[in-house]
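Asker: my questions concern the predicted model and sequence given below.
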Protein chains: 2
Amino acid sequence: MDGTVQAQTYLQAQTNGQRYWDSIHESCQWGATDDGGMNRLTLNDDDKQVRLWFIAEAEALGCKVTVDSMGNIFAVRPGKNNDIPPIGMGSHLDTQPRGGRYDGIAGVIAGLEVIRALHEADHTTYAPIAVIDWTNEEGARFPKAMVSSGVWAGKIPQEHAYDLRDVNEPDTKFVTELERIGFKGTTPASYKDLPLSAHFELHIEQGPILEAEEKDVGIVTGIQGMRWYDAEVIGREAHTGTTPMNRRCDALVAAAAMIQAIEETAVSLGGLGTVGIINSLPQSTNTIPGEVNFSIDLRHTDESKVDELEKAVFDKLEEIAKKRDVTFTHSMKWTSPALHFDPECQKALELSAKHEKMSYRRLQSGAGHDSGYTSYVCPTAMLFIPCRDGISHNPAEYSTQEQCSKGASVLLGGILRYDDMLAEKNGK
Amino acid sequence: MDGTVQAQTYLQAQTNGQRYWDSIHESCQWGATDDGGMNRLTLNDDDKQVRLWFIAEAEALGCKVTVDSMGNIFAVRPGKNNDIPPIGMGSHLDTQPRGGRYDGIAGVIAGLEVIRALHEADHTTYAPIAVIDWTNEEGARFPKAMVSSGVWAGKIPQEHAYDLRDVNEPDTKFVTELERIGFKGTTPASYKDLPLSAHFELHIEQGPILEAEEKDVGIVTGIQGMRWYDAEVIGREAHTGTTPMNRRCDALVAAAAMIQAIEETAVSLGGLGTVGIINSLPQSTNTIPGEVNFSIDLRHTDESKVDELEKAVFDKLEEIAKKRDVTFTHSMKWTSPALHFDPECQKALELSAKHEKMSYRRLQSGAGHDSGYTSYVCPTAMLFIPCRDGISHNPAEYSTQEQCSKGASVLLGGILRYDDMLAEKNGK
């Protein structure tokens, strides 16, 4: 790929920032909350309505829509060569219960905007182009995040997904709700039945870096390796007034030293380390805590660095436990390996950003995304746009119209460049 | 007072360790729990039964019993001079909901054992001798600890006490339950109406010092100054995966540094400092805590040292808050000034311990006791006996029969020596 020369090809197709913005907010009529946020839990009636709207919009642009057995919606605009799999632009239309209007939504609607721009310019791509709505990315209602891209990528058994229960109504299964809203398709949710040539995902950063560094977009190099642990410190309950300082086994003071050590170790190894949950017993002003439980979240860009971070952290915590005469135990409760996105997909986005004169930087994704699963089975990259104060999963989540618009135009250019590359590879 | 010479007087009166032990456990038939502990919340039916038993036992020994308007029971054995106020031996028969058989109970029953020993030896003291059961010392049911000795000492208004509500049934008032069990006496609960020449209280240490140092008894020099605070740290909630370590305002890491600083400062100033309660928000593994609330309990033997400790702690916490860019606020929610017990009362106990060849040490009480309130209006001292592992407020609370027995004999000797001193003062 060579951005300078080939960019000429695409000059006619242009995304329309206002149209994109309007569509984001039009789609948010289903599930909007009074505080400007969104509450559109997957497979509820609002999700059904926005899915029907999305399909109608895509079909009006000449797309052929397929709903797979997990409710994933593939809206495909034909290309010159429909024998090769489409280049996908996927994200999700479901939200957290107290979510915002950009996480996921901005990605799906950006895909729609790219299709509209191609339609408007009457430009037929070499490969077909797909916009995809992945079901239950958030995992907020059925607690397994990114479950439907996971099934599609062959990483999660469909029967497991079907049996997921509504967190608030354990009698309600995922599959029952999928059928109820009419989105259990007949095509198997599998990359074998619905292959993609590539997967691109525009997403809000959900972090502060692009905003702080005043970058228009971020080209995502991969997803950090993440490990979650439950930790427990057992000391000895005792009376705060009658127990001399040198005769205490205070589980909370030990945990406090550990919390600080996790931070220090993460900083020194260039990773991330966080204690998000802490519970202390017996929670009495005049009783020295005898038991403290806490969560640990460790992340690093490379899997070997996650190993290193894990070892350093737990060595340190064991040392603190020994010094303070408390018992420390921990167990891993979840892990997600570090993933690296496809260099050619990244390159397509980078050439587009340069051509559009957008400032950009490469960065890692700290959160999981459907693109994590797609990256196992097709070339994948993500494009981040800045969001205010790095806030997401919150009604205050916000990206400006300009930030969204810039993202959509870089996405369009990236898709067209990747399409050109596919044409070249196929000798066209 | 001179222990060596005067001790001759009292040789005939001896406490009986077995009888004392049996009475402790007899009194525990009301409110006993299957795990060997006690659940005798103040003014419940079990408390009524043990009160009736206590009165019957005291009356059988020739005591005159007065119940005051707070339900405090004064069982008085007449002396030679009944124009002077009795020497009191008080503690409490109520327990924590998951309490033990010694906290409070050992003190009241020790008083009864002293009376029995005097009765058996047919020894008439110069001053009358009283055994007192103070109502609601624990404050576990009606949350104001030591409220009835507080009313008696004129430090708490009786109408405030009467209006206290059952923690589990807010419609139930203290005064209603007092009337229901028939223990709202007509004599005003006041040191003016029911004066004492002195107040002695045998109590389990509720700490580890006597056991660790293998002392038979502890002569208590006073009660530490105590201050309780609510503290709050406000940082900024953010995603654990997308927020670089150097862009965080993690309220929990800041609180962890504060918890450590409280310990360090207390150690360096020879006081006690504890965080017993901690709550963090929003309690999610992948969200950096934005808010942490915690309790602070500071104690020192002298009031000026409490001031010094308070200043040093909060200076340090403010410094941490500033360094970590979080907001820190705190408010005092309770304070109890440092109290110093009467030297003559202590001396009487010390002479008795020496005479009985008991090992002893002086120590401060870390916890509050009814003796704190009595010390405002009459000479007061306490006698601690060891308890296993320093544990109290727990079914595992335990002192051996020997430890109890040694305490009772020192108490008897102390009372007799103080009685002699009163006789001397009155020229008898």
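Answerer: Cool, got the structure.
Asker: the residue nearest to A:Ser91 when sequence neighbours are not counted: neighbouring residues, count only.
Answerer: Spatial nearest neighbour of A:Ser91, chain neighbours left out: A:Gly107 (2.6 Å); criterion: Cβ to Cβ, 6 or more residues apart in numbering or on different chains. No exception for glycine: its C-beta is placed from N, CA and C like everyone else's. Applying other Cβ atoms under 10 Å in any protein chain shown, we find 33 other residues in the vicinity of A:Gly107.
Asker: and if you look at A:Pro85?
Answerer: Around A:Pro85 there are 18 residues (other Cβ under 10 Å).
Asker: for whichever residue of the stretch 301-428 of chain A sits closest to chain B, give its distance to A:Arg299.
Answerer: For the stretch 301-428 of chain A and chain B, the shortest gap (Cβ to the nearest Cβ) falls at A:Gly366, measuring 3.0 Å. Going from A:Gly366 to A:Arg299 by Cβ to Cβ, to the nearest Å gives 6 Å.
Asker: what is in contact with those two at once?
Answerer: Shared contacts of A:Gly366 and A:Arg299 (Cβ atoms under 8 Å, 6 or more residues apart in numbering or on different chains): A:224, A:272, B:240-241.
Asker: farthest-apart pair in those, please.
Answerer: A:Gln224 and B:Thr240 (10.3 Å; Cβ to Cβ).
Asker: what touches both of the two?
Answerer: Common contact partners of A:Gln224 and B:Thr240 (Cβ under 8 Å, 6+ apart): A:272, A:299, A:366.
Asker: count of residues packed around the closest residue to A:Pro143 other than its chain neighbours?
Answerer: Closest residue to A:Pro143 apart from its sequence neighbours, by Cβ to Cβ, 6+ apart: A:Val167 at 5.7 Å. Number of residues near A:Val167 (other Cβ under 10 Å) recorded here: 14.
Asker: near the closest residue in space to A:Gly31 that isn't next to it in sequence, how many other residues are there?
Answerer: Spatial nearest neighbour of A:Gly31, excluding adjacent residues (Cβ to Cβ, 6+ apart): A:Arg40 at 3.0 Å. When neighbours are defined as other Cβ under 10 Å, A:Arg40 has 28 of them.
Asker: cool, the one 4 residues further on as well?
Answerer: The criterion is other Cβ under 10 Å. On that basis, A:Asn44 has 18 neighbouring residues.
Asker: go ahead and confirm it touches A:Arg141.
Answerer: Yes. Using Cβ atoms under 8 Å, A:Asn44 is in contact with A:Arg141, at 7.3 Å.
Asker: A:Ala121 is in contact with A:Ala13, correct?
Answerer: Yes. The criterion here is Cβ under 8 Å, and A:Ala13 meets it with A:Ala121 at 3.9 Å.
Asker: any idea where the strands of the stretch 201-350 of chain A begin and end?
Answerer: Along the stretch 201-350 of chain A, counting by DSSP state E, counting those that start in this stretch, strands occupy A:217-223, A:225-234, A:238-239, A:272-274, A:278-281, A:287-288, A:291-300, A:327-336, A:339-340.
Asker: next up, the contacts around the residue of the stretch 301-428 of chain A closest to chain B.
Answerer: A:206-207, A:224, A:272, A:299, B:239-243.
Asker: cool, A:Trp30 as well?
Answerer: Per Cβ under 8 Å, 6+ apart, neighbours of A:Trp30: A:40, A:46-47, A:49-50, A:53.
Asker: of these, closest to A:Arg19?
Answerer: A:Trp53 (15.0 Å).
Asker: find the nearest non-adjacent residue to that closest one, please.
Answerer: Closest residue to A:Trp53 apart from its sequence neighbours, by Cβ to Cβ, 6+ apart: A:Ser27 at 6.4 Å.
Asker: do the same with A:Gly222
Answerer: Of all residues not flanking A:Gly222 in the chain, A:His340 sits nearest, at 4.1 Å (Cβ to Cβ, 6+ apart).
Asker: pLDDT score for the one you found?
Answerer: At A:His340, the pLDDT value in this model is 96.
Asker: got the residue ranges for the strands in the stretch 1-150 of chain A?
Answerer: Using DSSP E, counting those that start in this stretch, strands in the stretch 1-150 of chain A cover A:64-67, A:73-77, A:87-91, A:129-133.
Asker: just send those strands back as JSON lines, with mean pLDDT too.
Answerer: Formatted as JSON lines, the strands of the stretch 1-150 of chain A follow (pLDDT from 0 to 100):
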{"stretch": "strand A:64-67", "mean pLDDT": "98"}
{"stretch": "strand A:73-77", "mean pLDDT": "98"}
{"stretch": "strand A:87-91", "mean pLDDT": "98"}
{"stretch": "strand A:129-133", "mean pLDDT": "98"}
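Asker: adding mean neighbour count and distance to A:Glu350, write those out as TSV.
Answerer: Converted to TSV, those look like this (neighbours: other Cβ atoms under 10 Å in any protein chain shown; distance: least, Cβ to Cβ, whole Å):
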stretch	mean neighbour count	distance to A:Glu350
strand A:64-67	18	31
strand A:73-77	24	24
strand A:87-91	29	17
strand A:129-133	29	20
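Asker: distance to A:Phe174 for these - can I get that in TSV?
Answerer: TSV is the format used below for these (distance: least, Cβ to Cβ, whole Å):
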stretch	distance to A:Phe174
strand A:64-67	15
strand A:73-77	16
strand A:87-91	19
strand A:129-133	16
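Asker: who wins for proximity to A:Pro395 among the ones you listed?
Answerer: Per Cβ to Cβ, nearest to A:Pro395 of the strands of the stretch 1-150 of chain A: strand A:87-91, 19.3 Å.
Asker: which residues does that closest one contact?
Answerer: Identification of contacts with strand A:87-91 by Cβ under 8 Å, 6+ apart yields A:74, A:104-108, A:110-111, A:114, A:125, A:127-134, A:137, A:149, A:196-203, A:369-371, A:374, A:378, A:411, A:415, A:418-419, A:422.
Asker: which residue packs closest to A:Gly241, ignoring adjacent ones?
Answerer: Of all residues not flanking A:Gly241 in the chain, B:Gly366 sits nearest, at 3.0 Å (Cβ to Cβ, 6+ apart).
Asker: against A:Pro244, how distant is that neighbour?
Answerer: Noted for B:Gly366: a distance of 9 Å to A:Pro244, by Cβ to Cβ.
Asker: quick check: neighbours shared by the two?
Answerer: Counting by Cβ under 8 Å, 6+ apart, the residues touching both B:Gly366 and A:Pro244 are B:207, B:272.
Asker: ok so, going back, and which of the shared contacts of A:Gly366 and A:Arg299 is nearest B:Asp94?
Answerer: When the shared contacts of A:Gly366 and A:Arg299 are ranked by distance to B:Asp94 (Cβ to Cβ), B:Thr240 comes first, at 47.1 Å.
Asker: please consider this matter closed, and thank you.
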